[in-house]
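# sequence first, then the predicted structure, then my questions.
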Amino acid sequence: MSIFETLMLLCFGSAWPFSIYRSYKSKSIEGKSPVFLVILLMGYTFGILHKLFYSYDSVVYLYVINFIMITIDFTLYLRNFRLKKHEEDSAVHW
């Protein structure tokens, strides 16, 4: 296990709760990129696979936790996108 890999994942992971909270409370998609989130999910998937097949250690759990948080943020993006679309559709009908 590399201490630097662990610290990197902890640093990246510490930002996601704030992003999730902001997405949940603001109900906005401003500043979010679904493409970026999907690329991150792919990167963490590859990191998890590498750990499982080539270099298994407990750091894999940090990858999984980060993956889950990004998935939550992406799900909130989809929710907020639908809310925005619904608001726009409602505004047109009035």
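Cool, the structure landed. Computed from a predicted structure; not experimentally measured.

# drop to CA atoms for contacts and neighbour counts, all remaining ones
Fine.

# so where's the protein uncertain?
Applying pLDDT under 70 to the chain flags residues 92-94.

# now do the nearest residue to residue 45 once chain neighbours are set aside against residue 84, distance only.
Distance criterion Cα to Cα, 6 or more residues apart in numbering; nearest residue to residue 45, sequence neighbours excluded, is residue 67 at 7.5 Å. Using Cα to Cα, to the nearest Å, one obtains 25 Å as the distance from residue 67 to residue 84.

# over to residue 7?
In this structure, residue 7 and residue 84 are 37 Å apart, going by Cα to Cα.

# related to what we said a few turns ago, which one of residue 67 and residue 84 has more residues nearby?
residue 67 (22 against 15; other Cα atoms under 10 Å).

# so the more buried one is in which element?
Residue 67 belongs to helix 60-93 when elements are defined using DSSP states H and E.

# ok, now which ones touch the residue nearest the centre of the chain?
For the chain, the residue sitting closest to the mean C-alpha position, by Cα atoms, centre = their mean, is residue 70 at 1.5 Å. By Cα atoms under 8 Å, 6 or more residues apart in numbering, the residues touching residue 70 are 16, 37, 40, 41.

# the residue nearest to residue 57 when sequence neighbours are not counted and residue 55, how far apart?
Excluding the flanking residues, the one nearest residue 57 by Cα to Cα, 6+ apart is residue 1, at 6.3 Å. In this structure, residue 1 lies at 9 Å from residue 55, with Cα to Cα as the measure.
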